[in-house]
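**Q** model this:
(one chain, ligands or ions: 1)
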Amino acid sequence: MEPTAWDGVYREGRDLFTVNATPGKKVYGETLRTVGGVEYRQWDPFRSKLAAFLLRGAPSTLWGKVERVLYLGGAHGTTASHLSDLWPDASIFVVEKSPTSFAPLLALARRRGNLLPIFADAQLPERYGADVGTVDFLYQDVAQRNQAAIFVENARASLAPSGTGLLMLKVRSVTQRRPAAAIVRDARAELARGGLAVVQETSLTPFSREHVALAVRR
Ligand SMILES: C[S@@+](CC[C@H](N)C(=O)[O-])C[C@H]1O[C@@H](n2cnc3c(N)ncnc32)[C@H](O)[C@@H]1O
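**A** Predicted coordinates:
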């Protein structure tokens, strides 16, 4: 098991791993590996767009010291569980609006004290912004038509001036009628109008054919 350029992420062959914060417990059926008395959880790039982004060439500077995180679209907590492994001392606020997804997310958070689930619509950051405060890392994966606008509003409410944002843009959720490149261009323009500069744009193919990762800074 080799450390990678991304602090807290390990590699064995082509596979990525994080150190399991809840040894013996799986979150989504992932493989567990014990090496030198440490248990690692495999991070599946087909199940987690963040793992896909790392494998597709995310910058090593994607995160530094992370203390507060806002995660929009937590679903059952697949990716959030790996952030929980990566940053054991952080407060990771996870917003999810579907009751059926929120129930397993809540169960996961009971086992992982750094995950703080919020049952809310990410389109309304005013409902949770005061609880979340200022974050170093904003992550969004919500597959909504107005994804870029949601991201801008949440960044405005919570992203620290020195923070990093990561928008997993699901191109076909915006519209089926325009070319993908035009949709990405519009999203970038909307981010720019919101004061966010795209520092990297990466297609997540072959792991997720419909997504483009946009890493941003203020
Ligand atoms: C593709 S799934 C997220 C997968 C998750 N990020 C992961 O990697 O483990 C998208 C999630 O976003 C949630 N979602 C969609 N629109 C939302 C909104 N406006 N506010 C909060 N959650 C939303 C959906 O209910 C769904 O659970």
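
**Q** For stretch 93-109, buried residues please.
**A** Using 16 or more other C-beta atoms under 10 Å as the test for burial, stretch 93-109 gives 93-97, 101-102, 104-105, 108-109. C-betas here are computed from N, CA, C, even on glycine.

**Q** can you narrow the residues you listed to ones near the ligand?
**A** Among these, the ones lying near the ligand by C-beta under 6 Å from any ligand atom are 95-97, 101.

**Q** of all those, which comes closest to Gly24?
**A** The closest of these to Gly24 turns out to be Ser101 (C-beta to C-beta; 24.4 Å).

**Q** Now the closest one: phi and psi?
**A** Here is the backbone geometry of Ser101 (degrees, to the nearest 10): phi -80, psi -30.

**Q** returning to that earlier point: tabulate the buried residues of stretch 93-109 (TSV), appending distance to Val135 and pLDDT.
**A** Formatted as TSV, these follow (distance: C-beta to C-beta, whole Å; pLDDT from 0 to 100):
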residue	distance to Val135	pLDDT
Phe93	8	98
Val94	12	98
Val95	12	98
Glu96	17	98
Lys97	19	98
Ser101	21	97
Phe102	20	98
Pro104	23	98
Leu105	18	98
Leu108	20	98
Ala109	17	98
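
**Q** can you put the residues you listed in TSV and add secondary structure?
**A** Output for those, formatted as TSV (DSSP: H, G, I helix; E, B strand; the rest coil):
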residue	secondary structure
Phe93	strand
Val94	strand
Val95	strand
Glu96	strand
Lys97	coil
Ser101	helix
Phe102	helix
Pro104	helix
Leu105	helix
Leu108	helix
Ala109	helix
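
**Q** touching the ligand at all, the lowest-mean-pLDDT helix or strand in the chain?
**A** When the helices and strands of the chain are scored by mean pLDDT, DSSP states H and E, helix 171-174 comes last with a mean of 76. No. Helix 171-174 lies out of reach of the ligand by C-beta under 6 Å from any ligand atom, never closer than 9.2 Å.

**Q** Which SSE is immediately downstream of that helix?
**A** Downstream of helix 171-174, the first helix or strand assigned by DSSP states H and E is helix 180-193.

**Q** Return the residues in contact with the residue nearest the centre of the chain.
**A** Closest to where the C-alpha atoms of the chain average out (C-alpha atoms, centre = their mean) is Tyr139, at 4.1 Å. Tyr139 makes contacts with 50, 69-72, 79, 83, 165-166, 168, as judged by C-beta atoms under 8 Å, 6 or more residues apart in numbering.

**Q** hmm, the helix or strand in which it is found in reach of the ligand?
**A** Secondary structure assigned from DSSP H and E places Tyr139 in strand 135-140. No. Judged by C-beta under 6 Å from any ligand atom, strand 135-140 and the ligand are separated, with a smallest distance of 7.8 Å.
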